[in-house]
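1. just need the structure, nothing else, for what follows:
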Amino acid sequence: MRQSLGNETLAIRVPVHMAERTIRVLRKLQLLDDKFEFGRSNQTLIIPIIRELSESEAPQIAEERDGIAVERTILTEARRRPRDLREAMDKRLPQAMISKLPRSFDIIGDIAILELAHELDQFAHSIGAGVLNLSPHLRLVLRKTSDTSGTFRTRTFDTIAGTGSTETVYHEFSNLLRLDVASVYFSPRLSHERMRVASQVNERERVIDMFAGVGPYSILIAKTQPSSMVYSIDTNPEAFRYLRENVLLNHVADRVVPILGDARKIVARSLKNVADRVIMNLPSESSHFMDVALGALQRSGGIIHYYAFASRDETIGNITDSIREEIARLGRRVRSLPFAGVLKEISPNRIQVGLDLVVQ
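-> Residues are numbered from 1 along each chain as shown. Here you go, the predicted model:
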């Protein structure tokens with residue numbers, strides 16, 4: 001902060017991991033003061049606001065009032081911040097390159113992750129600096145250098161701006177998820193899908209999260225429906241380590257059971273015919289585990305949340321017909337299919353779909 005060039009204003013001091021959500025809520029409440037730059041101090045971000053918070057506004061910004069602090073401080077008067085990356089890079093790149101910039105990128109905690117066209121290789125570090133200028137709460141900007149691959153669904157990155165490790169804390173709804181983006185799989189783009197699933201869970205349900213990762217589905221379900229019991233399985237030791245940490249961090253150790261190992265072996269050994277609901281968030285391989293999911297369901301039936309990749313040429317009807325046939329071949333029946341839809345685009349010709357299968 002260059003205090004000698006600033007003026008005194010009201011501001012909210014929040015931990016960095018809460019910054020993205022806090023800024024979003026402040027904008028929605030029309031409380032963000034755009035006349036000042038954000039400040040940063042150690043692991044906190046200082047966000048200028050136009051007035052004191054009302055009693056009704058404070059809980060919208062932080063679940064616990066102690067998570068934020070309103071203070072008067074000196075902040076630098078702001079220059080107008082660019083609205084998007086293309087505007088941020090308008091004077092830094094040849095005009096022919098501007099159209100090749102990504103229109104969006106993932107933000108996980110205080111880390112931004114970009115996918116850049118090869119034509120932008122020589123400008124990568126300048127683009128990274130532009131991202132930091134666009135989003136001052138960010139600490140690190142990474143460029144994807146490989147596709148997601150392998151049993152653990154990880155990918156490789158290059159650092160193009162910022163400093164520090166690839167570990168971060170991601171804030172989703174009321175949950176905190178610690179993770180290392182380089183050693184585990186995580187997609188912030190599925191946050192609304194996770195809430196859609198969690199909101200369906202009934203009292204005292206037993207849920208098996210077959211490919212739990214660092215726990216985004218499991219922990220959200222446990223907090224949304226506290227009487228549920230969730231068995232969270234993952235084969236990646238690093239994901240399992242973060243899963244256990246996140247269970248403690250979110251105070252759900254009494255209702256989330258982390259299990260390290262292969263879902264096929266775990267279900268066969270100790271979770272046969274246990275679940276009211278099974279989550280199969282492994283879209284690259286889910287089709288190979290349908291027999292495991294069916295074996296995990298109670299004999300009377302239950303719900304499977306099934307995810308898969310598909311080409312844009314495939315219709316939802318063709319995909320659901322194929323899944324119905326596979327389940328029938330394995331000796332069960334799909335009684336109904338209350339949800340079937342496209343969740344996100346993976347590439348221009350590849351999509352991820354989600355199905356809710358009511359099986360008996």
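2. where do the helices sit along this protein?
-> 19-28, 58-61, 85-88, 95-98, 124-134, 191-198, 216-224, 237-249, 263-270, 290-296, 316-329 (DSSP state H).
3. between these, which one is closest to residue 152.
-> Counting by C-beta to C-beta, residue 152 lies closest to helix 237-249 out of these; the figure is 7.1 Å. Yep, even glycine has a C-beta here, placed from its N, CA and C like the rest.
4. could you tell me the least trusted of the helices of the chain?
-> If you rank the helices of the chain by mean pLDDT, helix 58-61 sits at the bottom with a mean of 79.
5. just checking, what packs against that helix?
-> helix 19-28 (3 or more C-beta pairs under 8 Å, 6 or more residues apart in numbering; DSSP states H and E).
6. list the buried residues of the helix it packs on.
-> 19, 20, 21, 22, 23, 25, 26 (16 or more other C-beta atoms under 10 Å).
7. just the CA coordinates for that helix, please, in CSV.
-> Written as CSV, here are the backbone C-alpha positions of helix 19-28 (Å, rounded to 0.1, in the frame of the first residue of the first chain):
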residue,chain,number,x,y,z
ALA,A,19,-11.6,-12.6,-0.7
GLU,A,20,-13.3,-13.8,-3.9
ARG,A,21,-16.6,-14.5,-2.2
THR,A,22,-16.5,-11.3,-0.2
ILE,A,23,-15.9,-9.1,-3.2
ARG,A,24,-18.8,-10.9,-5.1
VAL,A,25,-21.2,-10.3,-2.2
LEU,A,26,-20.1,-6.7,-1.7
ARG,A,27,-20.7,-6.0,-5.4
LYS,A,28,-24.2,-7.6,-5.1
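8. give the other helices and strands that it contacts.
-> strand 6-15, strand 44-48, helix 58-61.
9. want to throw the ones you listed into JSON lines with mean neighbour count and distance to residue 324?
-> As requested, those are arranged in JSON lines below (neighbours: other C-beta atoms under 10 Å; distance: least, C-beta to C-beta, whole Å):
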{"stretch": "strand 6-15", "mean neighbour count": "18", "distance to residue 324": "47"}
{"stretch": "strand 44-48", "mean neighbour count": "22", "distance to residue 324": "49"}
{"stretch": "helix 58-61", "mean neighbour count": "16", "distance to residue 324": "43"}
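10. residue 257: which of those is closest?
-> strand 6-15 (28.7 Å).
11. avg pLDDT for the closest one?
-> pLDDT averaged over strand 6-15 gives 88.
12. and the angle for it with helix 19-28?
-> Calculated by axes from the mean of the first three to the mean of the last three C-alpha atoms, to 10 degrees, strand 6-15 forms an angle of 120 degrees with helix 19-28.
13. just list what strand 6-15 packs against, helices and strands only.
-> Using 3+ C-beta pairs under 8 Å, 6+ apart: strand 6-15 touches helix 19-28, strand 44-48, strand 69-76.
14. hmm, back to that, mind putting the helices and strands packed on helix 19-28 in CSV, distance to residue 95 included?
-> Shown next, in CSV, are these (distance: least, C-beta to C-beta, whole Å):
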stretch, distance to residue 95
strand 6-15, 34
strand 44-48, 33
helix 58-61, 40
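15. in this structure residue 107 contacts residue 20, no?
-> Yes: Residue 107 lies in contact with residue 20 (C-beta atoms under 8 Å); the separation is 6.1 Å.
16. stretch 141-160: end-to-end distance?
-> Terminal residues of stretch 141-160 are spaced 6 Å apart (C-alpha to C-alpha, to the nearest Å).
17. ok, now which ones touch residue 204?
-> Taking C-beta atoms under 8 Å, 6 or more residues apart in numbering as the contact definition, residue 204 lies against 227, 228, 229.
18. just the ones of these in strands?
-> residue 229 (DSSP state E).
19. out of the contacts of residue 204, the closest to residue 240 would be?
-> The closest of the contacts of residue 204 to residue 240 turns out to be residue 229 (C-beta to C-beta; 18.4 Å).
20. and the spatially closest residue to that closest one that is not a sequence neighbour, what is it in contact with?
-> Excluding the flanking residues, the one nearest residue 229 by C-beta to C-beta, 6 or more residues apart in numbering is residue 206, at 5.1 Å. Residue 206 is in contact with 228, 229, 230, 231, 274, 275, 276, 277, counting by C-beta under 8 Å, 6+ apart.
21. quick check: domain ranges of the protein?
-> The chain breaks down into these domains under automatic domain parsing: 3-76, 85-164, 173-359.
22. just name the most buried of those domains.
-> For the domains of the chain, ranked by mean neighbour count under the definition mean count of other C-beta atoms under 10 Å, the leader is domain 173-359 at a mean of 18.
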